[in-house]
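> Sequence first, then the predicted structure, then my questions.
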Amino acid sequence: MAVLTRTDPAAQAFVLLRTVFTVAPILFGLDKFFNLLVDWPVYLAPWIDSIVPGTPQTAMYMVGVIEIVAGVLVALRPKWGGLVVAAWLLGIIVNLVTGPGYYDIALRDFGLLVGALALSRLAAR
């Protein structure tokens, strides 16, 4: 694989996508417990807050666990992990456009969703 990665652009793209979609969800998931990067509960749409038990921060703890699991899944099974991350990003997009109106972040997350789908397709190769 090392020789192939040095010469095959698709293999290089796969390694890049697998790395970022492993590391980023795990780091962002961990940060849901500490709120160092941002105050995560402000991004939660009120309608989601009304159906999730507990406080918005409690919801972020659940989100954090899901993100960590998704990152580990990408590391172990990138074909399926990419699909899980894409589905999760779709949920985040729905939250962002139906709640506080963070359309710029929703658009960025749409790009990430496409990248996660690309990872899944490359892993199927």
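That came through fine. Numbering: from 1, shown residues only.

> Next, count neighbours for Lys79.
By the criterion of other CB atoms under 10 Å, Lys79 has 15 neighbours. For the C-beta atoms, the positions are set from N, CA and C on the backbone; glycine is no exception.

> Do you know the pLDDT at it?
What the model reports for Lys79 is a pLDDT of 97.

> That one touches Leu117, doesn't it?
No: with contacts defined as CB atoms under 8 Å, Lys79 does not count as touching Leu117, sitting 10.9 Å away.

> count of residues packed around the closest residue to Val38 other than its chain neighbours?
Setting aside the residues directly before and after it, Val38 is nearest to Asp31 in space (CB to CB, 6 or more residues apart in numbering), at 7.9 Å. If you count neighbours by other CB under 10 Å, Asp31 ends up with 16.

> wouldn't Asp31 be in contact with Glu67 here?
No: in this structure Asp31 lies outside contact range of Glu67 using CB under 8 Å: 9.1 Å.

> thinking again about what came up before, which residues touch the residue nearest to Val38?
Leu37, Val38, Trp40, Gly64 (CB atoms under 8 Å, 6 or more residues apart in numbering).

> what's the next secondary structure element after the least confident helix or strand in the chain by mean pLDDT?
Lowest by mean pLDDT, DSSP states H and E among the helices and strands of the chain is helix 2-7, with a mean of 72. Note on helix 2-7: by DSSP states H and E, the next helix or strand toward the C-terminus is helix 9-31.
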